[in-house]
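Q: Mind looking at a prediction? Sequence and model below.
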Amino acid sequence: MARVSERVAFLCLGVMGYPLAGHLAASGRPVTVYNRTRARAEAWAAEHGGAVAETPAEAVRDCDFALVCTGNDDDLRGLALGASGFVAALPAGATLVDHTTVSAALARELDAACRARDVRFLDAPVSGGQAGAEKGALTVMVGGEPDVYEAALPLFSCYAGKTLLMGPAGAGQLTKMVNQICIAGLVQALSEGLDFARRAGLDPLRVVEVISQGAAQSWQMDNRAETMIEGRFDFGFAVDWMRKDLGICLAEARRNGALLPVTALVDQFYAEIQQKGGGRWDTSSLIRLLR
């Protein structure tokens with residue numbers, strides 16, 4: 001059970017934040033939540049017994065740890081550093097943990113803003129999707145100082161199966177970019193393989209049954225092949241979110257000189273999915289372009 005003094009604020013209760021805040025509350029920590037739509041915050045409090053704050057600043061004012069998981073760079077910058085940003089309200093000695101997938105540049109900007117107020121900071125994007133958040137089985141890629149990371153590990157253990165410090169502030173976001181680059185290529189390859197199997201007269205499910213036991217195996221194959229074959233995409237990590245993430249990857253590649261030809265191509269394919277009205281479809285919907 002957590003120390004009573006370890007007070008937690010959680011900002012933004014989306015598909016990821018809602019269950020993460022719930023795991024923290026279940027651990028015995030007092031949790032105060034803020035969400036732009038207050039009704040969702042009240043529903044969370046009714047379910048988990050935490051408190052609801054009217055504003056982000058109110059939520060973090062007396063916390064030891066503040067966690068945030070919002071949409072993109074603009075959302076996070078406005079929430080944290082805007083005219084009424086919550087960073088200014090964080091007490092000295094508190095730790096801000098950002099679970100949003102954003103640019104490494106913004107992570108470093110937040111780190112500097114926190115240091116100016118004697119607040120500690122970790123950029124800690126996650127992988128595992130909504131299902132991983134609900135099961136408490138996420139992977140957390142962290143950037144920050146080692147002592148700050150060690151102090152936050154008990155919180156991460158509430159909802160993560162794997163957590164690793166990758167380097168200074170921004171390193172967590174850079175690692176998440178690698179994650180998304182790899183996923184993009186895997187989903188496109190799986191789409192092409194499954195469509196090839198169908199056109200070759202094979203039973204795609206039987207193909208997956210055998211090749212998933214060899215070198216072709218992947219999380220995407222294990223968790224998405226069946227629904228791709230069935231043409232079901234009304235779940236999972238949305239194409240709109242993936243395009244946001246790939247945009248961050250491509251921008252960083254332009255800065256550091258990395259070549260991402262496959263990533264750029266798959267990003268164009270996702271743009272076609274958006275044009276077909278599939279912005280909220282799961283990322284495995286790439287296979288629709290081959291049919």
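A: Now that the structure is in, tell me what you want to look at.

Q: Let me see the ranges of the helices in the stretch 101-250 of the chain.
A: 104-115, 129-135, 146-156, 171-199, 204-211, 219-230, 239-256 (DSSP state H, counting those that start in this stretch).

Q: what is the rounded mean pLDDT of the first one?
A: What that stands for is helix 104-115. Taken as a whole, helix 104-115 has a mean pLDDT of 98.

Q: With the fourth one instead?
A: In this model, helix 171-199 has a mean pLDDT of 98.

Q: hmm, back to that, in TSV: the helices of the stretch 101-250 of the chain, plus distance to Ala46 and mean neighbour count.
A: For the C-beta atoms, the positions are set from N, CA and C on the backbone; glycine is no exception. Putting these into TSV (distance: least, CB to CB, whole Å; neighbours: other CB atoms under 10 Å) gives the following:
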stretch	distance to Ala46	mean neighbour count
helix 104-115	31	20
helix 129-135	18	17
helix 146-156	23	16
helix 171-199	32	20
helix 204-211	42	15
helix 219-230	32	17
helix 239-256	28	18
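
Q: Those helices: which one's closest to Tyr270?
A: Closest of these to Tyr270 is helix 239-256, at 5.1 Å (criterion: CB to CB).

Q: after the closest one comes which helix or strand?
A: helix 261-275 (DSSP states H and E).

Q: From the chain's centroid, how far away is that following helix?
A: Counting by CA atoms, centre = their mean, to the nearest Å, helix 261-275 is centred 20 Å from the centre of its parent chain.

Q: just the CA coordinates of it, formatted as PDB?
A: The C-alpha trace of helix 261-275 is given here as PDB (Å, rounded to 0.1, in the frame of the first residue of the first chain):
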ATOM      1  CA  PRO A 261      11.400   5.500 -46.800                       C
ATOM      2  CA  VAL A 262       9.000   2.700 -45.700                       C
ATOM      3  CA  THR A 263       7.600   4.800 -42.900                       C
ATOM      4  CA  ALA A 264       6.900   7.700 -45.300                       C
ATOM      5  CA  LEU A 265       5.200   5.300 -47.700                       C
ATOM      6  CA  VAL A 266       3.000   3.700 -45.000                       C
ATOM      7  CA  ASP A 267       2.100   7.200 -43.700                       C
ATOM      8  CA  GLN A 268       0.800   8.000 -47.200                       C
ATOM      9  CA  PHE A 269      -1.200   4.800 -47.100                       C
ATOM     10  CA  TYR A 270      -2.800   5.800 -43.800                       C
ATOM     11  CA  ALA A 271      -3.600   9.200 -45.400                       C
ATOM     12  CA  GLU A 272      -5.600   7.200 -48.000                       C
ATOM     13  CA  ILE A 273      -7.400   5.300 -45.300                       C
ATOM     14  CA  GLN A 274      -8.400   8.700 -43.800                       C
ATOM     15  CA  GLN A 275      -9.700   9.900 -47.100                       C
END
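
Q: Right, I'll call it a day here.
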